[in-house]
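Undergrad: The following block contains a protein sequence and its predicted model.
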Amino acid sequence: MLSYRHGFHAGNHADVLKHFILVQLLAHLLQKDKALWYVDTHAGAAQYALTDSTALKNAEFETGIGRLWGRRGLPKPLDTYLAQVRLLNSDAHKLRNYPGSPQIALQMLRPQDRMRLFEKHTTEIRVLQQNLGEDRRSIVYAGDGFEGLKAMLPPPSRRGVILIDPSYEDKADYKRTKQALVDALIRFATGTYAVWYPLVQRREARQLPDSLKLAGADDWLNVSLTVKEPAADGYGLHGSGLFIVNPPWTLADTLRQTMPWLVDTLAQDPEGTFLLQTS
Ligand code: SAM
């Protein structure tokens, strides 16, 4: 029984990092006409109302997207991401809705592209399907994204962005994430993969980035954003990271220029920092 609901966290600092980079990956691969496949192994609901009681419970978006919204002088790559958030907010002054990863992809993909989504939570699946409407490019699979990914690869066009974004609610997710990447690379070595991971104080989480480096990819980039000092009680998310396989050649430079601004904007105490590593 899954209890994680992304609506409680939508638009937080981790979503900002993940979705800002997702927009960069998609924008880069959409420069060529040939069809692009977007696969999301852990899709969520695609759209989140920031005005409902779920989002307002801890109001995590206030220290995430809320700190970018309405700001002037953003670095261009962050403005490109913000433009995707604006598309879901008809009143440009008020931040009411936040797009999840499938919604961002839906907004960016072209008629020739395809989207394949996996979601396991029964309520989230229903909302996801409603939010996508009758989009003919997309298929939602109700089930396990780690398992389902194998059958999607390689995509017919041999061009793909794959987001692996578990909630890590289940400790086994750490091992399954690594294995999913290993299996995926055997089938589709040239795909662009983005694996999201949490910065939390548990051994499996601390080890995950290093273990992903051994998944079989020659070309990878690892970026993480710490927004605060780890809590004394040992609990909570103090940041997050993305491990990217076959990143666009421009991404490392983009992050070098952008991450310091993101740290200044999203840090919640003087411990805010970022890490950027490349293979
Ligand atoms: N990718 C989304 C985004 O960026 O907007 C957020 C996804 S959220 C972090 C993780 C989602 O995975 C949750 O909606 C959860 O119900 C779902 N989930 C958990 N285990 C799963 C599994 N094994 N396969 C597919 N979905 C799963």
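TA: That came through, no problem. Numbers count the residues shown, from 1 in each chain.
Undergrad: residue ranges of the strands in the stretch 51-200 of the chain, please?
TA: 97-99, 114-119, 138-142, 160-164, 192-199 (DSSP state E, counting those that start in this stretch).
Undergrad: Which one, of those, ends up nearest to the ligand?
TA: With C-beta to the nearest ligand atom as the criterion, the ligand lies closest to strand 114-119 of those, at 4.6 Å. (C-beta placed from N, C-alpha, C; glycine too.)
Undergrad: Show me the shaky parts of the protein.
TA: Segments of the chain classed as low confidence (criterion: pLDDT under 70) are 1.
Undergrad: Just give me the neighbour total for the closest residue to the ligand within it.
TA: Residue of the chain nearest the ligand, by C-beta to the nearest ligand atom: G100 (2.7 Å). Neighbours of G100 under the rule other C-beta atoms under 10 Å: 27.
Undergrad: beta partners of V161?
TA: Y38, T192 (DSSP bridges).
Undergrad: which residue packs closest to L199, ignoring adjacent ones?
TA: G239 (3.7 Å; C-beta to C-beta, 6 or more residues apart in numbering).
Undergrad: can you count the residues close to the one you found?
TA: For G239, using other C-beta under 10 Å, the count is 25.
Undergrad: repeat for the one 3 residues further on
TA: When neighbours are counted by other C-beta under 10 Å, L242 registers 27.
Undergrad: coming back round to it: dump the residue contacts of the residue of the chain closest to the ligand.
TA: H6, A10, D15, A43, G44, A45, A46, Q47, Y48 (C-beta atoms under 8 Å, 6 or more residues apart in numbering).
Undergrad: Swap in 10 Å and give it another go.
TA: 6-7, 10-11, 15, 18-19, 40, 43-48, 88, 106, 124, 128, 131, 165 (C-beta atoms under 10 Å, 6 or more residues apart in numbering).
Undergrad: Quick check: it vs H6, distance?
TA: Separation of G100 from H6 (C-beta to C-beta, to the nearest Å): 7 Å.
Undergrad: what residues are shared contacts of those two?
TA: With C-beta under 10 Å, 6+ apart, G100 and H6 have common neighbours D15, A43, G44, A45, A46, Y48, E124, D165.
Undergrad: hang on, the fifth one packs against N131?
TA: Yes: the pair formed by A46 and N131 meets the contact definition of C-beta atoms under 10 Å, at 4.2 Å.
Undergrad: which residues are in contact with both of the two?
TA: Common neighbours of A46 and N131 (C-beta under 10 Å, 6+ apart) are P99, G100, P102, Q103, L106, V140.
Undergrad: who touches the nearest residue to the first one once chain neighbours are set aside in this structure?
TA: What that stands for is P99. With C-beta to C-beta, 6+ apart as the criterion, P99 has its nearest non-adjacent residue at 4.8 Å, and that residue is L88. Shown in contact with L88 (C-beta under 10 Å, 6+ apart): 46-49, 95-100, 103-104, 107.
Undergrad: Endpoint to endpoint, stretch 37-50 covers what distance?
TA: End-to-end distance of stretch 37-50 (C-alpha to C-alpha, to the nearest Å): 29 Å.
Undergrad: now swap in stretch 193-204 and tell me
TA: 20 Å.
Undergrad: And that stretch, what's buried?
TA: The neighbour-count check on stretch 193-204 (16 or more other C-beta atoms under 10 Å) flags Y193, A194, V195, W196, Y197, P198, L199, V200, E204 as buried.
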